[in-house]
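> dropping the sequence and predicted coords here.
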Amino acid sequence: MDPEKPQQQPAEGCLTVAVRLPVRIVVLVLVVPVRMVWDALVVCGRFLRDTVLRPVGRALLLVGRAVFVWPWVMLWRYVLVPLGRGVARLGQVLVVVPAVWVHRRVLTPLGHGLAWVYARVLTPAGHAVTRVFKGIGYVLAALGAGAYAVLAWLVRYLVVAPAVWIHHHVLTPVGHGIAWVAGGLAWLVRMIFTGIGIALYWTVRVLVVLPALALWRWILTPAGRVLAVVGREIRDALGHAWRIAGHISLAVGRFLGTLFRWIFVEPVRWVYRNVLTPVGHVVRDTVLRPAAEAARSVGRVARQALASARESARQARADFRRMLLGDPGEPLAVSRREPAAGETRTLGSSTTALTKD
């Protein structure tokens, strides 16, 4: 087969061509409203998700964390963990340390003593008792072997030999006769049931299988093929109608969006741009800015008044203190300059206040 040649489409029957057009028309008429409603629901759902559900979900998430998560975290971090550490420290002090001391000071020496008793006393005694019981066992084994030999001889000649003779000379011939009779009866029963089965087989084949096969071959198979063609065409028509309805719904949505924009959005934008913006600028220039300047002037005046009041209060406190305590003396001037190079400080010089005469 040449790969460059396009594959030929299989020929379609007259039934397919006759069914396809009316089915697609009916399905398109039924699917277009459903698709438009579906697209409208999708748009509403997306708007509801973005504007309501997502913020509400975030708020609920924050509330859930604040109500359910953070209290448990704080309880775990600041209550249970310190309490667990304290309990672990207390258990170590009250349980582990005494248990280690008891094991080291009491149980270990006691175990060493028991091991010494076992090795030095119990083990030799056990070996002696074992030797005694071993000798008694040898004697009992010898007596048991003799009794077993006598009993085996009696059983062999009093029970086994008569039973073998009865089996060979009595039971075997009787069993062969019973087996021959049972085989004949089984063959007879098998032949009877075989005849009955053959009769039932042909009866069921003639009365049930052949009519069912004819019904399947001449009625159900053609009807199934017709229904398969109709179902395939309905499926293809639904696919085509859904896609076409999507294009139609998109065009209707764009038309409605354009209509909404020219009826509502553009007038609102024009009013905002040509009316509200100039009015806002006029209000800003004639009202808001002078009001802001007046407020700033009032603020400056108020700050200056508060500063003057604070200065007056400070002067009043100074005058009152001077009236009660008198005028303080003038402080002595202290030179804060560093000594020159020729006046270097030494231990014997009197250049500091502590060493002056």
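Received the coordinates, thanks. Numbers count the residues shown, from 1 in each chain.

> low-confidence bits of the chain, can you list those?
Counting by pLDDT under 70, the ranges of the chain that qualify are 1-21, 23-24, 325-357.

> can we see that at 50?
1-11, 341-342, 350, 352-357 (pLDDT under 50).

> can you list the residue ranges for helices in it?
Using DSSP state H, the helices found in the chain span residues 14-48, 54-64, 70-75, 81-91, 97-102, 108-117, 123-155, 161-166, 172-204, 210-215, 221-260, 266-271, 277-283, 289-325.

> as CSV, the ones you listed with mean neighbour count would be great.
C-betas here are computed from N, CA, C, even on glycine. Formatted as CSV, these follow (neighbours: other Cβ atoms under 10 Å):
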stretch, mean neighbour count
helix 14-48, 14
helix 54-64, 10
helix 70-75, 10
helix 81-91, 10
helix 97-102, 11
helix 108-117, 10
helix 123-155, 10
helix 161-166, 10
helix 172-204, 10
helix 210-215, 11
helix 221-260, 14
helix 266-271, 11
helix 277-283, 11
helix 289-325, 10
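
> what about Arg261, neighbour count?
Other residues within reach of Arg261, judged by other Cβ atoms under 10 Å, total 13.

> how much space separates it from Leu30?
Remark: distance between Arg261 and Leu30 (Cβ to Cβ, to the nearest Å) = 31 Å.

> how about Asp50?
Applying Cβ to Cβ to Asp50 and Leu30 gives a distance of 32 Å.

> try Gly195
63 Å.

> what do you get for Val189?
Using Cβ to Cβ, which is the criterion applied here, Val189 is 68 Å from Leu30.

> then Leu107?
90 Å.

> now do Arg314
Using Cβ to Cβ, one gets 92 Å for the distance from Arg314 to Leu30.

> next: Ala295.
In this view, Ala295 and Leu30 are 69 Å apart by Cβ to Cβ.

> same question for Ala149.
Applying Cβ to Cβ to Ala149 and Leu30 gives a distance of 103 Å.

> centre of the chain to stretch 220-231, how far?
Centre-to-centre, stretch 220-231 and its host chain are 47 Å apart (Cα atoms, centre = their mean, to the nearest Å).

> what's the answer for stretch 110-120, then?
Its chain's average C-alpha position is 59 Å from that of stretch 110-120, according to Cα atoms, centre = their mean.

> quick one: contacts of that stretch?
By Cβ atoms under 8 Å, 6 or more residues apart in numbering, no surrounding residue is in contact with stretch 110-120.

> could I have that stretch exported to CSV, CA atoms only?
Presented in CSV, the C-alpha positions along stretch 110-120 are these (Å, rounded to 0.1, in the frame of the first residue of the first chain):
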residue,chain,number,x,y,z
LEU,A,110,21.8,-11.9,93.7
GLY,A,111,22.0,-13.3,90.2
HIS,A,112,25.7,-14.0,90.6
GLY,A,113,25.0,-15.9,93.8
LEU,A,114,22.2,-17.9,92.1
ALA,A,115,24.6,-18.7,89.2
TRP,A,116,27.2,-19.9,91.7
VAL,A,117,24.7,-22.2,93.5
TYR,A,118,23.5,-23.5,90.1
ALA,A,119,27.0,-24.3,89.0
ARG,A,120,28.4,-25.6,92.3
